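J.: Show me how the following folds:
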Amino acid sequence: MVRCNSQAFLWKVTLFMVLPNSMDRGLAAVPQSESHSPAAALRRYKIEPTTAGVLDLLRQWQPSTERRAQIARLIGQLGSDSYPIREAASRRLATLGVAAEAALREATQSDDLEVVFRAHRLLADCQQGQAEDLLMAALQWLRQSPSEQATPLLLDLLPVVPDAFYHAACEALWACVGPGDAKRLRQAIADKRAAVRAAAIPALELAAGAATVNELEHFLRDKEESTRLAAVRALLDRLPQPSIAVLLELLNARDANIRDQAAWLLQQVSGIPPAEAQSADFAAVVQRWNAWAGTTAAQHPQPLGLRRLQAIRYGTILLERFSDEVAEIGRTYHQLQYETNVGGKAVVVHGMLRLDGNHAEGDQRLCATSQRLLGVQTFPQRFQIKANLGGESLDAGAWHVGISAGNIRLLFHPGTEGGQFRAERLDNHQLLMENRLMLFTPAADILHEMIIDVAQGGDGSVRFDAVVVDGAKTGKRFQCSLTVGAKDIGSLGRIGLERSGRTGGAALFGSFSIRNAGLGEKKRIP
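T.: Take a look at the predicted model:
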């Protein structure tokens, strides 16, 4: 057994419970959703969920002359006289991700009709996100089953993985690193590519502990914003004062995401402002942070521990990733409460909430209240709700999945042609917006992203601007706007994840966040 320092060991044990979970889809403990777990996703494409199998899959994303030769050989085998060879080549090409796309497009012009047919089918699978789903499944599996063998490969992949997968690759790296990786990580922190340095700096601190302070401190003054933020994540508990000074500087970062992450870290380490006051004027909050930084309290702030590695943006009122498994939710889950008038079961397994559809017609919801989150009667004047949601394929069209705010909910039918997006009241199901075609069919057993911007008017009305992004990776989006009067919306003090309707598939939710609106577009602070 490899020995490691206590901090790194704690990280390995708890990483998957505390860090962002952009595409967790598993429900292995529930038979209907076994296919959503990372291990099951790998097995579905004949990849063994073992260290060797996962590392072999990840190597497919490494560009090289040898890889190009392998792809050319596999494309030739698509036209083999042997059916097993053709099938094996198709399965292998399906795991190669973006590395195979150019060659597959060229293969569609082949004189061999079998090659053309299979190349078109593989390209269609790529467009539906199959290769990316496999990449995420592999990264998630490593995060849950870490191995130091993965460290060099993950470092090589950081500059080439799609942007949406970068933090998942960082999570996997941070789970896998151990004392034996220190030499390789010391090389990585000197890499010319910012993506590698930003991941390697916290990784080295996790692997080697306090001994890294002197060699990492100079990164607090690096010219790259992402590198400075990475250095803060590594050193915030060890060198609080210089780290806090860097966070204050990063409030003027060019990248809004870095700016808001720095602000969140400042809020966490200072306790200013409390959660319910995040909608306060940002310039005034910055003045309070600057004043606090000059006090004795800032010299010995409360350590953040592993929370310093979370990529959360300031203004986040709620961020729920469903990381703690629960066989059956009773009345509450973390800061959320469960409500149902049909007795349907709610479970959380492998990063996903599942509202079971095995019941008569009725409603189920897991909801957040402004009273519990903020200590006030309503949510801010402007805020944004975001959730990854979908549903199983059983009895499509008989039930809906969606999001509610106050007495209004926005819903669609998973697996139904055009989705049939609608808006209705919670209390009496009165339609406020008739069914609308979504321009794409929200496929069952896939999570789609729903984003709702909420703005309260002075007369008590509320405007909803909703977007649904197709989870099948087609790039298609459905957008609509709705203004609801005060008599329909009621009190805007509750937000829920909804399943409504008759017996059918379970509603699935992969993440859920509520965030103050407009904070990501702040002007620079003088």
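J.: make it CA atoms for all contacts and neighbour counts henceforth
T.: OK.
J.: Can you tell me the closest non-neighbouring residue to residue 322?
T.: Excluding the flanking residues, the one nearest residue 322 by C-alpha to C-alpha, 6 or more residues apart in numbering is residue 351, at 4.8 Å.
J.: how near is that neighbour to residue 113?
T.: Residue 351 sits 42 Å away from residue 113 when distances are taken as C-alpha to C-alpha, to the nearest Å.
J.: Neighbour count: those two, which is higher?
T.: Legend: neighbour count by other C-alpha atoms under 10 Å for residue 351 and residue 113, higher for residue 351 (26 against 13).
J.: tell me which element the residue nearest to residue 340 when sequence neighbours are not counted falls in.
T.: What sits nearest to residue 340 in space, not counting adjacent residues and going by C-alpha to C-alpha, 6+ apart, is residue 364, at 4.4 Å. With secondary structure defined by DSSP states H and E, residue 364 is part of strand 362-369.
J.: ditto for residue 264
T.: With DSSP H and E as the criterion, the answer for residue 264 is helix 256-270.
J.: How about residue 337?
T.: strand 336-340.
J.: what about the closest residue to residue 230 other than its chain neighbours, distance to residue 243?
T.: Of all residues beyond its chain neighbours, the one nearest residue 230 is residue 198 (5.1 Å), with distances taken as C-alpha to C-alpha, 6+ apart. From residue 198 across to residue 243, the span is 15 Å (C-alpha to C-alpha).
J.: if I pick residue 390, what's in contact with it?
T.: Contact analysis of residue 390 by C-alpha atoms under 8 Å, 6 or more residues apart in numbering lists 401, 414, 442, 444, 445, 446, 447, 448, 507, 508, 509.
J.: Now those in CSV, please, with extra columns for secondary structure, neighbour count and pLDDT.
T.: Listed next are the contacts of residue 390 as CSV, based on DSSP: H, G, I helix; E, B strand; the rest coil; neighbours: other C-alpha atoms under 10 Å; pLDDT from 0 to 100:
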residue, secondary structure, neighbour count, pLDDT
401, strand, 26, 97
414, coil, 34, 95
442, coil, 26, 95
444, coil, 22, 92
445, coil, 23, 89
446, coil, 20, 90
447, coil, 27, 93
448, strand, 24, 95
507, strand, 29, 96
508, strand, 30, 95
509, strand, 28, 96
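J.: looking at this structure, which residue ends up farthest from its center?
T.: residue 81 (43.3 Å; C-alpha atoms, centre = their mean).
J.: Dihedrals phi and psi, that residue?
T.: Dihedral angles of residue 81 (phi, psi; degrees, to the nearest 10) stand at phi -70, psi -20.
J.: Distance check, the residue nearest to residue 230 against residue 207.
T.: 15 Å.
J.: Would you mind measuring from the residue nearest to residue 340 to residue 312?
T.: Residue 364 sits 28 Å away from residue 312, going by C-alpha to C-alpha.
J.: quick one, which of these two is more surrounded?
T.: Using other C-alpha under 10 Å as the criterion, residue 364 and residue 312 rank with residue 364 on top: 25 against 20.
J.: wait, the more buried one sits on residue 502?
T.: No - shown here, residue 364 and residue 502 do not form a contact pair, counting by C-alpha atoms under 8 Å, at 11.1 Å.
J.: rewinding a little: just list the residues touching the residue nearest to residue 230, thanks.
T.: 189, 226, 227, 229, 230, 231 are the contacts of residue 198 under C-alpha under 8 Å, 6+ apart.
J.: Return the entry from those with the maximum number of neighbours.
T.: Neighbour counts for the contacts of residue 198 peak at residue 231, which has 28 neighbours (criterion: other C-alpha under 10 Å).
J.: and it, helix, strand or coil?
T.: The three-state label given to residue 231 by DSSP: H, G, I helix; E, B strand; the rest coil is helix.
J.: in terms of contact, does it touch residue 223 like I think?
T.: No - under the criterion of C-alpha under 8 Å, residue 231 makes no contact with residue 223, lying 12.0 Å away.
J.: quick one on the thing from earlier: who's the residue nearest to residue 340 bridged to?
T.: In this entry, residue 364 is beta-bridged to residue 340, residue 499, by DSSP bridges.
J.: And the helices in the stretch 1-150 of the chain?
T.: All helices of the stretch 1-150 of the chain, identified by DSSP state H, counting those that start in this stretch, fall at 6-18, 38-44, 51-59, 65-77, 83-94, 101-107, 113-127, 130-144.
J.: wait, which of the ones you listed is closest to residue 465?
T.: Counting by C-alpha to C-alpha, residue 465 lies closest to helix 113-127 out of these; the figure is 27.5 Å.
J.: so residue 410 is in which element?
T.: strand 408-412.
J.: and that strand, how far from the chain's centre?
T.: Relative to the mean C-alpha coordinate of its chain, strand 408-412 is positioned 22 Å out (C-alpha atoms, centre = their mean, to the nearest Å).
J.: and it, which strands flank it?
T.: For strand 408-412, pairing defined by DSSP bridges yields strand 399-405 (antiparallel), strand 421-425 (antiparallel).
J.: There's contact between residue 427 and residue 407 in this structure, I believe.
T.: Yes - counting by C-alpha under 8 Å, residue 407 is a contact partner of residue 427 at 6.8 Å.
J.: what about the two, which has more around it?
T.: residue 407 (20 against 9).
J.: Let me know the distance separating that one from residue 117.
T.: Counting by C-alpha to C-alpha, the gap from residue 407 to residue 117 is 50 Å.
J.: next one: residue 387
T.: Using C-alpha to C-alpha, we find residue 387 at a distance of 37 Å from residue 117.
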